[in-house]
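Visitor: no sequence for this one, just the structure:
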Ligand code: FEO
């Protein structure tokens, strides 16, 4: 496998684990705020990010690349409002999208067609990740300081359940 692309994708594995860690920090924030549905949403996101990292690891291994695991940075652990947390989710996912796009751009330059194909799944996934965060921000804007609305949203987010697909 092309070294430049392999290095960038290996670094992305760390970013996915950092994402998982960030969502776990958000889960702990909402546990502390007594918002069980939002805490659940973040926990499911924590699981999903680990799946992303595992999917990348498996692909790199299948191409003969060993990933040297690096330290995972400490995530932010405090936010001032529900809105601030979900805005952080959106900003973070936009950052992940640009990071994946950069790797795809490298794969194009290096004519690594297999990785281009592999990354297409993540490019599609990022559309959904950003859409989910944007929708939640819009719902929080509509709710404003209506406690009943917030309770209803929290109940809805309690239903999210990530079922890990088999990593191919
Ligand atoms: Fe792994 Fe939230 O993107």
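Guide: That came through, no problem. Everything quoted here is computed from the prediction, not taken from an experiment. Numbers count the residues shown, from 1 in each chain.

Visitor: which residues of the chain score low on pLDDT?
Guide: For the chain, the stretches flagged by pLDDT under 70 are 168.

Visitor: now residue 162. Its backbone dihedrals?
Guide: phi -80, psi 120 (degrees, to the nearest 10).

Visitor: which element is the nearest residue to it once chain neighbours are set aside on?
Guide: Counting by Cβ to Cβ, 6 or more residues apart in numbering, residue 162 lies nearest to residue 44, which is 4.2 Å off, once chain neighbours are set aside. In short, each C-beta sits where N, CA and C put it, glycine included. If you go by DSSP states H and E, residue 44 is part of helix 36-62.

Visitor: wait, does that helix contact the ligand?
Guide: Yes - residues of helix 36-62 contacting the ligand under Cβ under 6 Å from any ligand atom: 49, 52.

Visitor: for that helix, packing partners?
Guide: Where contact means 3 or more Cβ pairs under 8 Å, 6 or more residues apart in numbering; DSSP states H and E, helix 36-62 is packed against helix 3-32, helix 82-109, helix 113-143, helix 147-157.
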